[in-house]
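Novice: Sequence below, structure please.
(2 chains)
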Amino acid sequence: MKHIAIIGGGPAGIESAASLAQLGYRVSLIEKSAELGGHLSQMFTLFPDGRNAAEVLSELIAHARQKNINVMLNTEVIDAQRNLSGFTITLSNQKTVTADALLIATGFRLFNVARKEEYGYGIYKNVINSLQMEKKLRTGDLTMANGQMPKRVVFLHCVGSRDEKVGNNYCSKVCCVTAVKQAIEIKKMNPEIETFCFYMDIRMFGPYYEELYREAQEKWKVVFVRGKISEAAENIDGRLQIKAEDTLIGKPLRMQCDMLVAMAGMESTADAKFAQTLNVARGLNRFYSSTDNYLRYNNTNVEGVFTAGTCTAPMNIIDTIANARAAALSIHQYFSK
Amino acid sequence: MWGYSIAKSQSIVYDQNDRTIINYVLEQEPSLRTCMACGGCTSTCSAGNLVPFNIRRLNTLLQRGEYSQVKKEIYNCMLCGKCTIVCPRGVNIRNVVLKTREAIMNSEKSDANDTNAI
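Specialist: Got it, this is the predicted structure:
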(Lines give C-alpha, C1' and ligand atoms only; values in the text may rest on other atoms or scores of the structure.)
Protein backbone atom coordinates (compact mmCIF):
# COMPACT_ATOMS: atom_id res chain seq x y z
CA MET A 1 0.00 0.00 0.00
CA LYS A 2 1.45 3.35 -1.06
CA HIS A 3 1.98 5.85 1.71
CA ILE A 4 1.28 9.57 1.26
CA ALA A 5 2.51 12.18 3.70
CA ILE A 6 0.31 15.26 3.84
CA ILE A 7 1.81 18.36 5.37
CA GLY A 8 -0.83 20.58 6.91
CA GLY A 9 -4.08 19.65 8.64
CA GLY A 10 -6.35 22.42 7.43
CA PRO A 11 -9.35 21.83 5.17
CA ALA A 12 -7.13 20.99 2.18
CA GLY A 13 -5.05 18.47 4.11
CA ILE A 14 -8.04 16.89 5.83
CA GLU A 15 -10.11 16.49 2.68
CA SER A 16 -7.27 15.15 0.56
CA ALA A 17 -6.42 12.69 3.34
CA ALA A 18 -10.00 11.44 3.34
CA SER A 19 -10.08 11.15 -0.45
CA LEU A 20 -6.71 9.36 -0.63
CA ALA A 21 -7.72 6.87 2.05
CA GLN A 22 -10.90 6.12 0.11
CA LEU A 23 -8.78 5.54 -2.97
CA GLY A 24 -6.82 2.92 -1.02
CA TYR A 25 -3.76 4.77 0.20
CA ARG A 26 -2.20 4.95 3.62
CA VAL A 27 -1.96 8.55 4.79
CA SER A 28 0.01 10.42 7.42
CA LEU A 29 -1.59 13.78 8.10
CA ILE A 30 0.99 15.99 9.76
CA GLU A 31 -0.30 19.06 11.60
CA LYS A 32 1.92 21.45 13.54
CA SER A 33 -0.77 22.70 15.93
CA ALA A 34 -2.74 20.81 18.57
CA GLU A 35 -5.82 20.29 16.40
CA LEU A 36 -7.00 19.90 12.85
CA GLY A 37 -8.78 22.68 11.00
CA GLY A 38 -6.29 25.42 10.22
CA HIS A 39 -7.81 28.85 9.68
CA LEU A 40 -11.23 27.28 9.21
CA SER A 41 -11.42 26.59 12.94
CA GLN A 42 -11.31 30.35 13.52
CA MET A 43 -14.18 31.17 11.18
CA PHE A 44 -17.73 31.98 12.22
CA THR A 45 -19.98 31.57 9.20
CA LEU A 46 -19.07 30.92 5.59
CA PHE A 47 -20.12 32.91 2.56
CA PRO A 48 -22.27 33.00 0.55
CA ASP A 49 -25.02 31.24 2.52
CA GLY A 50 -23.96 31.73 6.13
CA ARG A 51 -23.21 28.04 6.74
CA ASN A 52 -21.67 27.49 10.16
CA ALA A 53 -17.91 27.00 9.75
CA ALA A 54 -17.55 24.69 12.74
CA GLU A 55 -20.21 22.42 11.25
CA VAL A 56 -18.37 22.17 7.93
CA LEU A 57 -15.10 21.51 9.73
CA SER A 58 -16.53 18.77 11.93
CA GLU A 59 -17.96 17.07 8.85
CA LEU A 60 -14.59 17.24 7.12
CA ILE A 61 -12.87 15.79 10.16
CA ALA A 62 -15.47 13.03 10.48
CA HIS A 63 -14.84 12.15 6.85
CA ALA A 64 -11.13 11.82 7.60
CA ARG A 65 -11.65 9.48 10.54
CA GLN A 66 -10.59 6.40 8.61
CA LYS A 67 -8.36 3.52 9.60
CA ASN A 68 -5.69 4.24 7.01
CA ILE A 69 -5.22 7.83 8.15
CA ASN A 70 -2.69 8.50 10.86
CA VAL A 71 -3.13 12.01 12.23
CA MET A 72 0.02 13.45 13.81
CA LEU A 73 -0.75 16.57 15.83
CA ASN A 74 1.77 18.98 17.38
CA THR A 75 4.17 17.77 14.74
CA GLU A 76 6.15 20.01 12.49
CA VAL A 77 8.04 18.99 9.38
CA ILE A 78 11.63 20.03 9.89
CA ASP A 79 12.94 18.84 6.58
CA ALA A 80 12.32 16.43 3.73
CA GLN A 81 14.66 14.60 1.40
CA ARG A 82 13.86 12.93 -1.86
CA ASN A 83 15.51 9.58 -2.50
CA LEU A 84 15.14 6.63 -4.83
CA SER A 85 12.26 5.06 -2.93
CA GLY A 86 10.39 8.31 -2.24
CA PHE A 87 10.71 10.77 0.60
CA THR A 88 12.23 10.80 4.05
CA ILE A 89 10.61 13.39 6.27
CA THR A 90 12.20 14.63 9.47
CA LEU A 91 9.69 15.62 12.13
CA SER A 92 9.90 17.90 15.15
CA ASN A 93 9.41 14.93 17.52
CA GLN A 94 12.79 13.51 16.37
CA LYS A 95 11.05 10.85 14.32
CA THR A 96 11.32 10.32 10.59
CA VAL A 97 8.62 9.17 8.23
CA THR A 98 9.10 7.68 4.81
CA ALA A 99 6.50 8.26 2.11
CA ASP A 100 5.97 7.44 -1.55
CA ALA A 101 4.51 10.85 -2.29
CA LEU A 102 4.29 14.18 -0.55
CA LEU A 103 1.27 16.44 -0.55
CA ILE A 104 1.86 19.99 0.60
CA ALA A 105 -1.25 21.56 2.11
CA THR A 106 0.32 24.19 4.34
CA GLY A 107 -2.30 26.85 3.62
CA PHE A 108 -1.71 30.56 3.87
CA ARG A 109 -0.39 33.10 6.30
CA LEU A 110 -2.51 36.15 7.08
CA PHE A 111 -0.94 39.43 6.00
CA ASN A 112 0.48 41.29 8.98
CA VAL A 113 -1.50 44.54 8.95
CA ALA A 114 1.16 46.29 11.06
CA ARG A 115 3.23 46.44 7.88
CA LYS A 116 0.80 49.06 6.61
CA GLU A 117 1.92 51.52 9.27
CA GLU A 118 -0.53 54.19 8.17
CA TYR A 119 -3.43 52.24 9.70
CA GLY A 120 -1.90 52.00 13.17
CA TYR A 121 -2.61 48.30 13.64
CA GLY A 122 -1.04 47.21 16.91
CA ILE A 123 -1.03 50.83 18.09
CA TYR A 124 -4.72 51.71 18.08
CA LYS A 125 -6.73 49.07 19.93
CA ASN A 126 -9.78 49.34 17.69
CA VAL A 127 -7.93 48.71 14.46
CA ILE A 128 -8.28 44.96 13.98
CA ASN A 129 -7.79 42.48 11.17
CA SER A 130 -10.50 40.41 9.51
CA LEU A 131 -9.66 37.25 11.44
CA GLN A 132 -10.04 39.13 14.71
CA MET A 133 -13.45 40.34 13.52
CA GLU A 134 -14.31 36.73 12.74
CA LYS A 135 -13.50 35.85 16.35
CA LYS A 136 -15.68 38.69 17.59
CA LEU A 137 -18.55 37.33 15.55
CA ARG A 138 -17.89 33.77 16.68
CA THR A 139 -17.91 34.72 20.34
CA GLY A 140 -20.78 37.15 19.83
CA ASP A 141 -18.82 39.96 21.44
CA LEU A 142 -18.67 43.01 19.21
CA THR A 143 -17.46 45.38 21.90
CA MET A 144 -14.46 47.64 21.49
CA ALA A 145 -11.34 47.63 23.65
CA ASN A 146 -13.12 49.78 26.28
CA GLY A 147 -16.01 47.32 26.55
CA GLN A 148 -18.52 49.58 24.80
CA MET A 149 -20.48 48.74 21.71
CA PRO A 150 -19.20 50.43 18.54
CA LYS A 151 -21.58 52.80 16.77
CA ARG A 152 -19.79 52.60 13.46
CA VAL A 153 -17.57 49.87 12.01
CA VAL A 154 -15.55 50.48 8.86
CA PHE A 155 -14.15 47.69 6.69
CA LEU A 156 -11.16 48.42 4.53
CA HIS A 157 -10.68 46.13 1.55
CA CYS A 158 -7.36 45.11 -0.03
CA VAL A 159 -5.02 45.41 2.95
CA GLY A 160 -1.87 43.59 1.89
CA SER A 161 -3.38 42.64 -1.46
CA ARG A 162 -3.05 44.44 -4.79
CA ASP A 163 -0.37 46.54 -3.17
CA GLU A 164 3.04 46.88 -4.70
CA LYS A 165 4.30 48.63 -1.58
CA VAL A 166 4.14 45.38 0.38
CA GLY A 167 5.20 43.22 -2.56
CA ASN A 168 1.78 41.62 -3.07
CA ASN A 169 0.44 42.44 -6.50
CA TYR A 170 -2.16 39.70 -6.45
CA CYS A 171 -5.78 39.83 -5.31
CA SER A 172 -6.51 37.66 -2.25
CA LYS A 173 -9.90 36.93 -3.73
CA VAL A 174 -11.93 36.18 -0.61
CA CYS A 175 -11.60 39.45 1.33
CA CYS A 176 -14.29 41.41 -0.58
CA VAL A 177 -16.99 38.89 0.10
CA THR A 178 -15.69 38.33 3.64
CA ALA A 179 -16.15 42.04 4.38
CA VAL A 180 -19.68 41.90 3.00
CA LYS A 181 -20.41 38.79 5.06
CA GLN A 182 -18.96 40.27 8.25
CA ALA A 183 -20.85 43.54 7.77
CA ILE A 184 -24.08 41.55 7.42
CA GLU A 185 -23.30 39.43 10.49
CA ILE A 186 -22.69 42.59 12.52
CA LYS A 187 -26.03 43.97 11.39
CA LYS A 188 -27.76 40.72 12.29
CA MET A 189 -26.34 40.91 15.81
CA ASN A 190 -26.86 44.61 16.25
CA PRO A 191 -28.74 46.58 13.59
CA GLU A 192 -27.86 49.82 15.39
CA ILE A 193 -24.23 49.58 14.27
CA GLU A 194 -23.48 51.47 11.07
CA THR A 195 -21.26 49.56 8.68
CA PHE A 196 -19.17 50.91 5.80
CA CYS A 197 -16.96 49.22 3.24
CA PHE A 198 -14.14 51.20 1.64
CA TYR A 199 -13.09 49.47 -1.55
CA MET A 200 -11.08 49.90 -4.76
CA ASP A 201 -13.03 47.26 -6.66
CA ILE A 202 -15.67 44.88 -5.37
CA ARG A 203 -14.81 41.41 -6.62
CA MET A 204 -17.78 39.11 -6.20
CA PHE A 205 -16.41 36.18 -8.16
CA GLY A 206 -18.38 33.26 -6.81
CA PRO A 207 -21.94 32.03 -7.18
CA TYR A 208 -24.36 34.02 -5.02
CA TYR A 209 -21.64 36.49 -3.96
CA GLU A 210 -23.10 39.29 -6.06
CA GLU A 211 -26.49 38.55 -4.52
CA LEU A 212 -24.93 38.77 -1.06
CA TYR A 213 -23.49 42.18 -1.98
CA ARG A 214 -26.91 43.34 -3.06
CA GLU A 215 -28.47 41.96 0.11
CA ALA A 216 -25.89 43.87 2.15
CA GLN A 217 -26.95 47.12 0.51
CA GLU A 218 -30.65 46.48 0.31
CA LYS A 219 -31.55 44.60 3.44
CA TRP A 220 -28.72 45.45 5.82
CA LYS A 221 -27.99 49.03 4.74
CA VAL A 222 -24.25 48.50 4.45
CA VAL A 223 -22.74 51.57 2.77
CA PHE A 224 -20.04 51.21 0.12
CA VAL A 225 -17.53 53.98 -0.54
CA ARG A 226 -15.16 53.71 -3.46
CA GLY A 227 -11.76 54.76 -2.22
CA LYS A 228 -8.85 53.28 -0.37
CA ILE A 229 -8.29 54.60 3.14
CA SER A 230 -4.88 56.22 3.22
CA GLU A 231 -4.55 56.59 6.97
CA ALA A 232 -6.21 56.18 10.34
CA ALA A 233 -5.50 58.14 13.50
CA GLU A 234 -6.93 58.01 16.99
CA ASN A 235 -8.71 61.10 18.26
CA ILE A 236 -8.43 62.46 21.77
CA ASP A 237 -11.75 60.77 22.59
CA GLY A 238 -10.45 57.42 21.35
CA ARG A 239 -12.45 57.32 18.13
CA LEU A 240 -10.68 56.66 14.86
CA GLN A 241 -10.38 59.31 12.21
CA ILE A 242 -9.99 57.88 8.73
CA LYS A 243 -9.07 59.55 5.46
CA ALA A 244 -9.86 58.41 1.95
CA GLU A 245 -10.83 59.86 -1.35
CA ASP A 246 -14.44 59.37 -2.30
CA THR A 247 -13.32 58.70 -5.85
CA LEU A 248 -16.82 58.70 -7.31
CA ILE A 249 -17.33 62.25 -6.07
CA GLY A 250 -13.73 63.28 -6.53
CA LYS A 251 -13.19 64.77 -3.10
CA PRO A 252 -11.14 63.77 -0.08
CA LEU A 253 -13.35 62.34 2.63
CA ARG A 254 -12.90 62.21 6.38
CA MET A 255 -14.94 60.09 8.70
CA GLN A 256 -14.91 59.02 12.31
CA CYS A 257 -15.50 55.45 13.29
CA ASP A 258 -15.20 53.24 16.33
CA MET A 259 -13.63 50.23 14.77
CA LEU A 260 -11.57 49.74 11.63
CA VAL A 261 -11.41 46.23 10.22
CA ALA A 262 -8.51 45.66 7.83
CA MET A 263 -9.39 42.92 5.36
CA ALA A 264 -5.99 41.24 5.52
CA GLY A 265 -4.82 39.39 2.45
CA MET A 266 -3.37 35.91 2.16
CA GLU A 267 0.35 35.30 1.93
CA SER A 268 2.32 32.29 0.87
CA THR A 269 3.68 29.62 3.19
CA ALA A 270 5.93 28.26 0.46
CA ASP A 271 9.07 29.51 2.20
CA ALA A 272 9.12 26.34 4.36
CA LYS A 273 12.56 24.81 4.78
CA PHE A 274 11.52 21.38 3.50
CA ALA A 275 10.19 22.96 0.30
CA GLN A 276 13.47 24.75 -0.20
CA THR A 277 15.42 21.54 0.33
CA LEU A 278 13.24 19.79 -2.22
CA ASN A 279 13.45 22.79 -4.55
CA VAL A 280 9.71 23.09 -5.02
CA ALA A 281 9.10 25.91 -7.49
CA ARG A 282 7.30 29.08 -6.50
CA GLY A 283 5.63 31.65 -8.69
CA LEU A 284 6.12 35.41 -8.78
CA ASN A 285 3.45 35.70 -6.10
CA ARG A 286 5.60 33.40 -3.92
CA PHE A 287 2.90 30.70 -3.75
CA TYR A 288 3.77 27.21 -5.04
CA SER A 289 3.47 27.03 -8.78
CA SER A 290 1.95 24.26 -10.88
CA THR A 291 3.56 22.54 -13.82
CA ASP A 292 0.42 23.40 -15.78
CA ASN A 293 -2.21 25.82 -14.52
CA TYR A 294 -4.95 24.09 -16.47
CA LEU A 295 -4.17 20.39 -16.67
CA ARG A 296 -1.78 19.69 -13.79
CA TYR A 297 -2.70 22.26 -11.18
CA ASN A 298 -1.73 20.05 -8.24
CA ASN A 299 1.59 18.89 -9.67
CA THR A 300 4.82 20.60 -8.75
CA ASN A 301 8.13 20.60 -10.57
CA VAL A 302 9.39 17.89 -8.19
CA GLU A 303 8.28 14.38 -9.05
CA GLY A 304 6.09 12.93 -6.32
CA VAL A 305 5.43 16.31 -4.69
CA PHE A 306 1.89 17.63 -4.97
CA THR A 307 0.06 20.67 -3.61
CA ALA A 308 -3.49 21.38 -2.50
CA GLY A 309 -5.41 24.42 -1.33
CA THR A 310 -4.26 27.92 -0.42
CA CYS A 311 -0.56 27.11 -0.47
CA THR A 312 -0.98 27.43 -4.25
CA ALA A 313 -3.09 30.62 -4.35
CA PRO A 314 -5.73 32.46 -2.34
CA MET A 315 -8.86 30.33 -2.35
CA ASN A 316 -12.17 30.07 -0.52
CA ILE A 317 -13.29 26.97 1.40
CA ILE A 318 -15.44 25.66 -1.46
CA ASP A 319 -12.53 25.77 -3.92
CA THR A 320 -10.10 24.46 -1.31
CA ILE A 321 -12.20 21.34 -0.74
CA ALA A 322 -12.58 20.77 -4.48
CA ASN A 323 -8.87 21.35 -4.96
CA ALA A 324 -8.01 18.88 -2.20
CA ARG A 325 -10.06 16.19 -3.93
CA ALA A 326 -8.39 17.04 -7.22
CA ALA A 327 -4.99 16.69 -5.57
CA ALA A 328 -5.92 13.23 -4.25
CA LEU A 329 -6.95 12.18 -7.74
CA SER A 330 -3.75 13.60 -9.23
CA ILE A 331 -1.73 11.48 -6.81
CA HIS A 332 -3.86 8.45 -7.69
CA GLN A 333 -3.20 9.06 -11.39
CA TYR A 334 0.52 9.38 -10.66
CA PHE A 335 0.60 5.94 -9.02
CA SER A 336 -1.72 4.38 -11.61
CA LYS A 337 0.61 5.20 -14.50
CA MET B 1 -30.27 87.43 -29.70
CA TRP B 2 -32.38 86.47 -26.69
CA GLY B 3 -29.45 85.38 -24.64
CA TYR B 4 -29.46 81.85 -26.03
CA SER B 5 -26.31 80.08 -27.02
CA ILE B 6 -25.41 76.56 -27.96
CA ALA B 7 -24.32 74.66 -24.85
CA LYS B 8 -20.83 73.26 -24.97
CA SER B 9 -20.83 69.48 -25.09
CA GLN B 10 -20.51 67.92 -21.65
CA SER B 11 -19.30 64.61 -22.99
CA ILE B 12 -15.76 63.49 -23.55
CA VAL B 13 -15.40 63.34 -27.31
CA TYR B 14 -12.42 61.06 -27.14
CA ASP B 15 -11.48 61.11 -30.82
CA GLN B 16 -11.45 64.89 -30.98
CA ASN B 17 -9.09 65.27 -28.06
CA ASP B 18 -5.45 65.96 -28.77
CA ARG B 19 -3.19 63.21 -27.42
CA THR B 20 0.09 65.11 -27.53
CA ILE B 21 0.30 65.93 -23.82
CA ILE B 22 -0.79 62.54 -22.52
CA ASN B 23 1.41 60.69 -25.01
CA TYR B 24 4.40 62.64 -23.76
CA VAL B 25 3.55 61.95 -20.11
CA LEU B 26 2.99 58.23 -20.71
CA GLU B 27 6.24 58.00 -22.59
CA GLN B 28 8.16 59.75 -19.83
CA GLU B 29 6.36 58.03 -16.95
CA PRO B 30 4.79 54.75 -18.19
CA SER B 31 3.86 53.71 -14.66
CA LEU B 32 0.82 56.00 -14.97
CA ARG B 33 -0.85 53.33 -17.09
CA THR B 34 -1.17 51.04 -14.06
CA CYS B 35 -3.35 53.45 -12.04
CA MET B 36 -6.50 51.75 -10.77
CA ALA B 37 -8.02 54.95 -9.40
CA CYS B 38 -8.11 53.89 -5.75
CA GLY B 39 -7.75 57.51 -4.67
CA GLY B 40 -5.00 56.86 -2.12
CA CYS B 41 -3.01 59.72 -3.64
CA THR B 42 -5.81 62.26 -3.38
CA SER B 43 -6.69 61.08 0.09
CA THR B 44 -3.21 61.74 1.40
CA CYS B 45 -2.55 64.87 -0.70
CA SER B 46 -1.54 67.91 1.37
CA ALA B 47 -2.58 70.33 -1.38
CA GLY B 48 -5.83 68.66 -2.37
CA ASN B 49 -7.24 68.86 1.13
CA LEU B 50 -7.07 72.66 0.97
CA VAL B 51 -7.21 73.85 -2.63
CA PRO B 52 -8.81 72.54 -5.83
CA PHE B 53 -6.38 69.80 -6.75
CA ASN B 54 -7.42 66.19 -7.17
CA ILE B 55 -4.45 64.32 -8.56
CA ARG B 56 -6.35 61.05 -9.09
CA ARG B 57 -9.00 62.89 -11.10
CA LEU B 58 -6.40 64.93 -12.99
CA ASN B 59 -4.58 61.74 -13.99
CA THR B 60 -7.81 60.28 -15.33
CA LEU B 61 -8.69 63.49 -17.20
CA LEU B 62 -5.18 63.55 -18.60
CA GLN B 63 -5.53 60.02 -19.91
CA ARG B 64 -8.77 60.98 -21.69
CA GLY B 65 -7.12 64.04 -23.24
CA GLU B 66 -9.27 66.46 -21.20
CA TYR B 67 -6.71 69.11 -20.37
CA SER B 68 -8.53 72.30 -19.40
CA GLN B 69 -8.88 71.43 -15.71
CA VAL B 70 -5.45 69.83 -15.65
CA LYS B 71 -3.93 73.09 -16.88
CA LYS B 72 -5.84 75.04 -14.23
CA GLU B 73 -4.88 72.85 -11.27
CA ILE B 74 -1.57 71.18 -11.98
CA TYR B 75 0.45 74.01 -10.40
CA ASN B 76 -1.39 73.59 -7.09
CA CYS B 77 0.81 70.57 -6.38
CA MET B 78 3.63 71.26 -3.95
CA LEU B 79 5.60 68.19 -5.03
CA CYS B 80 5.75 66.74 -1.52
CA GLY B 81 5.55 63.21 -2.96
CA LYS B 82 3.22 61.67 -0.35
CA CYS B 83 1.00 60.40 -3.18
CA THR B 84 3.93 58.47 -4.60
CA ILE B 85 4.65 56.90 -1.22
CA VAL B 86 1.10 55.56 -0.76
CA CYS B 87 0.42 54.45 -4.34
CA PRO B 88 -0.33 50.68 -4.30
CA ARG B 89 0.61 50.43 -7.98
CA GLY B 90 3.97 52.12 -7.69
CA VAL B 91 3.01 55.00 -9.98
CA ASN B 92 5.58 57.78 -9.71
CA ILE B 93 2.84 60.39 -9.37
CA ARG B 94 5.21 63.19 -8.47
CA ASN B 95 6.99 62.66 -11.76
CA VAL B 96 3.64 62.52 -13.57
CA VAL B 97 2.96 66.03 -12.25
CA LEU B 98 6.40 67.26 -13.36
CA LYS B 99 6.09 65.69 -16.81
CA THR B 100 2.57 67.03 -17.23
CA ARG B 101 3.79 70.55 -16.47
CA GLU B 102 6.59 70.02 -18.94
CA ALA B 103 4.21 68.75 -21.63
CA ILE B 104 1.82 71.66 -21.09
CA MET B 105 4.71 74.10 -21.33
CA ASN B 106 5.92 72.46 -24.56
CA SER B 107 2.44 72.57 -26.09
CA GLU B 108 2.06 76.24 -25.16
CA LYS B 109 5.45 76.97 -26.67
CA SER B 110 4.54 75.26 -29.93
CA ASP B 111 1.20 77.09 -29.96
CA ALA B 112 3.12 80.37 -29.64
CA ASN B 113 5.45 79.36 -32.48
CA ASP B 114 2.46 78.53 -34.69
CA THR B 115 1.01 82.01 -34.03
CA ASN B 116 4.32 83.66 -34.89
CA ALA B 117 4.51 81.73 -38.16
CA ILE B 118 1.13 83.14 -39.17
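Novice: what does the longest helix anywhere in chain A contact?
Specialist: Ordering each helix of chain A by length in residues (DSSP state H) puts helix A:317-336 first. The contact list for helix A:317-336 (CB atoms under 8 Å, 6 or more residues apart in numbering or on different chains) reads A:2, A:4, A:10-16, A:19-20, A:23, A:25, A:40, A:46, A:53, A:56, A:60, A:100-101, A:103, A:105, A:206, A:296-299, A:304, A:306-310, A:312, A:315. Just so you know, the C-beta spots here come from the backbone N, C-alpha and C atoms, and that holds for glycine as well.
Novice: so of those residues, which ones are in strands?
Specialist: A:4, A:46, A:101, A:103, A:306, A:307 (DSSP state E).
Novice: what does the stretch 1-150 of chain A put close to chain B?
Specialist: Taking CB under 8 Å from any CB of the partner chain as the contact definition, the stretch 1-150 of chain A meets chain B at residue A:118.
Novice: rerun that using 7 Å as the cut-off
Specialist: Within the stretch 1-150 of chain A, no position is adjacent to chain B by CB under 7 Å from any CB of the partner chain.
Novice: what about the nearest residue to residue A:16 once chain neighbours are set aside, distance to chain B?
Specialist: What sits nearest to residue A:16 in space, not counting adjacent residues and going by CB to CB, 6 or more residues apart in numbering or on different chains, is residue A:324, at 4.0 Å. Distance of residue A:324 to chain B, given as CB to the nearest CB, to the nearest Å: 32 Å.
Novice: Could you show which parts of chain B are in contact with chain A?
Specialist: So chain B meets chain A at B:36-40, B:42-44, B:48-49, B:54, B:56-57, B:86, B:88-90 (CB under 7 Å from any CB).
Novice: From those residues, which land in helices?
Specialist: Using DSSP H, the residues of chain B next to chain A in helices are B:40, B:42, B:43, B:44, B:56, B:57, B:86.
Novice: still on that earlier bit, ok, of the ones in strands among the contacts of helix A:317-336, which one's closest to residue A:110?
Specialist: Nearest to residue A:110, judged by CB to CB, of these is residue A:46 at 17.0 Å.
Novice: Surely the closest one is in contact with residue A:55?
Specialist: No: Residue A:46 is beyond contact range of residue A:55, at 9.2 Å (criterion: CB atoms under 7 Å).
Novice: Okay, helices next: where are they in the chain?
Specialist: Just so you know, I chose chain A. Using DSSP H, helices in chain A cover A:11-22, A:53-63, A:130-139, A:175-189, A:209-218, A:273-278, A:317-336.
Novice: Switch to chain B, please.
Specialist: B:20-28, B:40-44, B:55-64, B:68-73, B:82-86, B:93-117.
Novice: Tell me which of those is the most buried.
Specialist: helix B:40-44 (a mean of 29; mean count of other CB atoms under 10 Å in any protein chain shown).
Novice: mind putting the helices of chain B in JSON lines, mean pLDDT included?
Specialist: Formatted as JSON lines, the helices of chain B follow (pLDDT from 0 to 100):
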{"stretch": "helix B:20-28", "mean pLDDT": "96"}
{"stretch": "helix B:40-44", "mean pLDDT": "96"}
{"stretch": "helix B:55-64", "mean pLDDT": "95"}
{"stretch": "helix B:68-73", "mean pLDDT": "95"}
{"stretch": "helix B:82-86", "mean pLDDT": "95"}
{"stretch": "helix B:93-117", "mean pLDDT": "88"}
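Novice: related to what we said a few turns ago, just how off-centre is the longest helix of chain A within its chain?
Specialist: The chain centroid and the centroid of helix A:317-336 are separated by 19 Å under CA atoms, centre = their mean, to the nearest Å.
Novice: can you check stretch A:98-110 too?
Specialist: 15 Å.
Novice: re the thing from before, comparing the helices of chain A, which comes out most buried?
Specialist: The most buried one of those (mean count of other CB under 10 Å) is helix A:11-22, showing a mean of 27.
Novice: Pull the residues that contact that one.
Specialist: Applying CB atoms under 7 Å, 6 or more residues apart in numbering or on different chains, the external contacts of helix A:11-22 come out as A:4, A:6, A:27, A:29, A:36, A:38, A:40, A:60-61, A:63-64, A:66, A:68-69, A:103, A:105, A:107, A:308-310, A:317, A:320-321, A:323-325, A:327-328, A:331.
Novice: before we move on, what about stretch B:32-49?
Specialist: A:200, A:227-228, A:230-231, A:243-245, A:247, A:252, B:25-26, B:53-56, B:59-60, B:76-78, B:80, B:82-83, B:86-89, B:91, B:93, B:96.
Novice: Please apply the same query to stretch A:64-80.
Specialist: Contacts for stretch A:64-80 (CB under 7 Å, 6+ apart): A:7, A:14, A:17-18, A:21, A:25-32, A:34-36, A:87, A:89-93, A:102, A:273-274, A:277-278.
Novice: Select only the buried ones of these in ChimeraX?
Specialist: Entered in ChimeraX, the line below selects the buried ones among the contacts of stretch A:64-80, by 16 or more other CB atoms under 10 Å in any protein chain shown:
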select /A:7,14,17,18,21,25,26,27,28,29,30,31,32,36,87,89,90,91,102,274,278
